[in-house]
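Student: Build me a structure from this.
(chains A and B)
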Amino acid sequence: MNQGKAGVFNWGLLATTLAVGSVGIVNLYSACRGAEVNLVGYQVLWLGFGVGLALVLNVMDYRIFDQMAYWILVVVLFLLLSVLLFGRVVNGAQRWIQLGVINIQPSELAKIAIVMAVAKYFSDESSWPENGYTILELVKPASFLYPTGAVGALILFWERIEIGQWRFVLLAICLVWAAASFIRALQIGRTTLHDLLSPVMLVLLPAILVLRQPDLGTALVLFAIAGTMILFVKVRRFSVVMVMAVLSVMTVFLLVAASSQSLEILEPHQKKRIMAFFYPESASRDDRFQAHQSEITVGSGGTWGKGWGASTQIQFKFLPEQRTDFVFPVWAEEWGFAGGLFSLTLFWLWLALSVNAASSAREKFGALVGVGCVAMIFWHIVINIGMVVGLLPVVGMTLPLWSYGGSSVIVTMTAVGFLMSISSRRHAI
Amino acid sequence: MTIFSRQHELSRLNGRYLFMLVVMSIAFVVIIGRLFHLQISRGEEYLSLSERNFVFRTRQTPLRGMIFDRNGNLLADNRPSYNLYFTPAFCGKEKFESTLNRLVEYAGLSDLEIEKTREAYNQKTRLERFVPTLIRRSMTWSEMASVEQRIDMLDGVEVRPETSRAYPNNTLASHLIGYVGEINQRQLRSMRNMGYREGDVIGKSGVEKAWEKQLRGKNGIVLLVKDRFGQSVPESVVRKVLDEDSVVEDTIPGNNMILSLDTRLQELTEKRFPGYNGAAVAMDPNTGFILAMVSKPAFDPNNFTGAVSGRWLHDLFRDPDRPLTNRVVQQHYPPGSIFKPVVGLAALKSGMLSLQTPQPCGGGLLYGNRTFRCWKAGGHGNVALHRSIVESCDVYYYRAGLKTSMDAISKMAREFGLGAKTGFKEGEETPGIIPDRAWYQRHTKTGFLPGFTLSNAIGQGDVNATPIQMAVMYAALANGGTIYQPQVVAKIESPTGVVIKEATPIVRGRLDVEPAHLQAVVDALSGVVNEPGGTAYFRRPSGVKFKVAGKTGTAQVVKQGADRGKNLPWDFRDHAWFVGYAPVTQPKIVVAVINEHAGHGSSGAAPLVMTMITYYLEQLQGGNYQAEEEGL
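Tutor: Modelled structure (predicted):
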């Protein structure tokens, strides 16, 4: 292979990314009409910063992250913990850490961290089984992450565990378990760190912390990203069926949890949204209002739309969150089905070029990072548009490069940077 | 691991990338399909929904029709009223509590009103949330001012200048005019399709209720352009959005009612009413139109509009004197002696007694093992029909009743319209009771016993009649036998004064009695007032050129001993009745008065009747009647 030859700069991906971003800016301009602060300027700044970041990542060899992947995850886990403990509450959820003037959202970083960690895990595997992994191989119950997670969960939920003094017994058991795992980990000769890790737990730990914020949307997307990557490395058919079955049971459980008044597993606003989606008739006022108005906004666009800046739904303030999660309906209302088709084609092209970039990886870590980045972008697009057109429940999910927000733009552009970096090294080994 | 094997492993992945892209594309196709469904298949529908989002069809309630008396005096009016409304959709979740607290501070919302606001906010769904809920009717000026001043901080709150019902004469004719109030849930269910909505005002009793359809008018619909928070939008936007006239349906005020009532007579009757509880009704005997209708005690219908205190309402409904009951039509009483003309006519018609047949009265009649007493312990001696009415001899009627039979008496009573509703629309009438043999079979264990006839023959026992039935009956005696349906609405006019309907007398029936018999009874009724020895002789008006005919009645409330109830507690004492009309030959007014627990009819009720008749004929009619000779 052409070792040493400088890689190819992926102009196509960068251009498409910029095109998506530009259309997003045009749309955001319309969505911000009448707003006090001009968010478009900030968004352009974020986008510019993001492009810079992508270019830097493109030049850097992404493989240095192979060494750092687990450390990144540990840092993110710490950030997620601290956000729960000291974070700023916005809209009833603790998602932000304030560092001087910059507010960071660790849950956004968690997406990248998970892509890295899962890619690292599977690239460390000596070989991927031909028929795919079994559930047991993915869960790896012997992993020391379990007692670690259990201790963490106990400490985190300490006040809410209502079993009195038995809590201490439980904690002691978990500590002994963790110590035993640790001692086993010390026997480095026989086992490696890799053997002690469970890919499922790598995802589960940050996802649970994110769910605690509470941020159902991000937690779901973390699972979706990791799930896509794991499916990519192949899972046995029987295991997939099993997981599907478990997921179905969990969906039913979720429905029960959402409809039950006494079970306090979900937050009230999550319950309401889920119920609003499954039983729109019984849902009351504000919960269904958002989804209903979103559908009206999209539908009222018709074939050709009302024209740029002519969204009556915004003029009369009927569309909530029209600058962030509900930015797509503005586009659909103003440009109609034609515009919707155009934007979806653009998004699809972006994804196709991303898949193409990922497929050019010449080693497993790169391939998996690429797949993870594609999955992240894909799930955001599909869940966001799916929910605003009423196909999915409203969970809180940004539309990449279209929704206003620095964290979202930076994380998306990081993914693009990795993809460009991968394709730049397609000939290198 | 060799480069080759690594390359081999990676090349295995190529198909997976393609598979991934295919799956992703399928998701996109699904989304495009959904967009097609929303935007093209149902685009029109959603477009109109999005327009309905900001163009609010607002209902405008019309001015309620006014009520006048026969001389054009205003009885029910509309006055400006600042009403507080709250629209749930315009108030964000996070702002609701603070808005409510501010309202409590500025407008002093009561617990009930707070509850109402909360209920509206928590229970309304979808489009209902855009319908303003009435929180407070008739705010005071200072409340209105302090709310208006901070209206920017009160999301979804609105003060609308509207009107509310006002009764300038307060308690005057309150039972007849009735009152209005907010529609209740039961009415709302049945009347929703007639355009009624929560918070609407509806007639609850009297004319207000009976003529609701005429008084109400027609709701209008106007288009208002507002944003989601209920704020007005700039005029330029309004013009862009509304290309049509903003008035969709005109608001049409209700029609005005002109009653046959004479406020002056009504006022006099209420002022001069001699007791606490009772009723008086004056009617034109030739048409059935009501001239005055008094029920005591009265209430002030103004208290039902505006902020109605629950405590006050509770007390009102629990008041043992039942001020809301219109005793003229809703309360039946034993008629006592005023029932005697019915029995007399029945006896004459049956042929068992002639006009001259005398009956002995020794102060009582032994029947079975019981003595049925005459009110005059010493007895009346031999009396025929004329003196039996003039002096109200009870024994004559015991005997007449026995000779005539229960069923013949009740048949005659029914001819007079007793035992059935008179057809008066402006009150929930009670039909009274006229028992016959069949009635006793149904209502008593023993079945019919001849002894019942004796009690019923003097208007006691189980006979019951309302004051208005008595007025109708005596009107028939006065006018030669025509039973009129009592009416109070003389004319209905449109808001611009065009006469829509003019009421004409409604004849419900004619007495089937011989003119000679009727004349004899009429003569006797005149004798009651004008002949020495008549039970109301000392009550006859003096210095007038007309004569009054009438009958006293003293209705027993409980069975009394020989002392005629002199020592009984107040609410066991007799009811005093007097029904009379004048002038005797060409009657212009018939009056029925019952004064509860006031003792004898000649003292407890007759004076008021005389006062009313004199005032009506001399003052209100200006002496415009045919003079009658003394001794007629």
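Student: Poorly predicted segments of chain B, please.
Tutor: B:1-9, B:53, B:126-127, B:228-245, B:306-309, B:558-571, B:629-632 (pLDDT under 70).
Student: list the buried ones in the top strand by length along it?
Tutor: Counting residues, the longest strand found in chain B (DSSP state E) is strand B:74-86. With burial defined by 16 or more other C-beta atoms under 10 Å in any protein chain shown, the residues of strand B:74-86 counted as buried are B:75, B:76, B:77, B:78, B:81, B:82, B:83, B:84, B:85, B:86. Glycine gets a C-beta too; all of them are placed from N, C-alpha and C.
Student: Of those, which is the nearest to residue B:525?
Tutor: Using C-beta to C-beta, residue B:75 comes nearest to residue B:525 of these, at 33.1 Å.
Student: My read is that that closest one contacts residue B:171, right?
Tutor: No: the criterion here is C-beta atoms under 8 Å, and residue B:75 misses it with residue B:171 at 11.7 Å.
Student: residues contacting the residue of the stretch 351-500 of chain B found nearest chain A?
Tutor: For the stretch 351-500 of chain B and chain A, the shortest gap (C-beta to the nearest C-beta) falls at residue B:495, measuring 36.6 Å. If a contact means C-beta atoms under 8 Å, 6 or more residues apart in numbering or on different chains, then residue B:495 has B:63, B:65, B:217, B:252, B:253, B:254, B:255, B:256 as its contacts.
Student: Widest-spaced pair of those residues?
Tutor: So, the contacts of residue B:495 by C-beta to C-beta: farthest apart are B:252 and B:256, at 12.9 Å.
Student: Neighbour count: these two, which is higher?
Tutor: Neighbours per residue, other C-beta atoms under 10 Å in any protein chain shown: of residue B:252 and residue B:256, the larger number sits with residue B:256, 22 against 15.
Student: show me what contacts that one?
Tutor: Counting by C-beta under 8 Å, 6+ apart, residue B:256 touches B:65, B:66, B:67, B:68, B:492, B:493, B:494, B:495.
Student: before we move on, what about residue B:220?
Tutor: Under the criterion of C-beta under 8 Å, 6+ apart, the contact list for residue B:220 reads B:59, B:60, B:62, B:247, B:248, B:249, B:250, B:251, B:252.
Student: how close does it get to residue B:62?
Tutor: Counting by C-beta to C-beta, to the nearest Å, the gap from residue B:220 to residue B:62 is 7 Å.
Student: Overlap of the contact sets of the two?
Tutor: Shared contacts of residue B:220 and residue B:62, counting by C-beta under 8 Å, 6+ apart, come down to B:251, B:252.
Student: just to revisit the earlier point, would TSV of the contacts of residue B:495 with secondary structure be doable?
Tutor: Below are the contacts of residue B:495 laid out as TSV (DSSP: H, G, I helix; E, B strand; the rest coil):
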residue	secondary structure
B:63	coil
B:65	coil
B:217	coil
B:252	strand
B:253	coil
B:254	coil
B:255	coil
B:256	strand
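Student: Just the buried ones from those residues?
Tutor: Among the contacts of residue B:495, those buried by neighbour count (16+ other C-beta under 10 Å) are B:63, B:65, B:217, B:253, B:254, B:255, B:256.
Student: Show me which of the residues you listed is closest to residue B:525.
Tutor: Of all the buried ones among the contacts of residue B:495, residue B:525 sits closest to residue B:256, with 38.7 Å by C-beta to C-beta.
Student: Would you quantify the distance from that closest one to chain A?
Tutor: To chain A, residue B:256 is 42 Å away according to C-beta to the nearest C-beta, to the nearest Å.
Student: Tell me what that residue is bridged to.
Tutor: residue B:493 (DSSP bridges).
Student: Roughly how far does it sit from residue B:375?
Tutor: From residue B:256 across to residue B:375, the span is 49 Å (C-beta to C-beta).
Student: which parts of the stretch 51-200 of chain A sit against chain B?
Tutor: Neighbours of chain B within the stretch 51-200 of chain A, by C-beta under 8 Å from any C-beta of the partner chain: A:126, A:127, A:128.
Student: Which ones among those residues lie within helices?
Tutor: Among these, no member is found in helices (DSSP state H).
Student: quick one, phi/psi of the residue in chain A that chain B sits nearest to?
Tutor: Closest residue of chain A to chain B, C-beta to the nearest C-beta: residue A:299 (2.7 Å). Note on residue A:299: backbone dihedrals following degrees, to the nearest 10 are phi -60, psi -40.
Student: Also the one 10 residues further on?
Tutor: Main-chain torsions, residue A:309, degrees, to the nearest 10: phi 80, psi 10.
Student: Looking at it now. What's its pLDDT?
Tutor: pLDDT, residue A:309: 76.
Student: ok, it - contacts?
Tutor: Applying C-beta under 8 Å, 6+ apart, the residues contacting residue A:309 are A:29, A:30, A:33, A:334.
Student: where's the dip in pLDDT among those?
Tutor: Least confident of these in the model: residue A:33, at 74.
Student: what helices or strands is the helix or strand harbouring residue A:333 leaning on?
Tutor: Remark: residue A:333 resides in helix A:328-359, with elements defined by DSSP states H and E. Taking 3 or more C-beta pairs under 8 Å, 6 or more residues apart in numbering or on different chains; DSSP states H and E as contact, the helices and strands that helix A:328-359 lies on are helix A:11-31, helix A:285-299, helix A:312-315, helix A:364-388, helix A:406-424, helix B:14-35.
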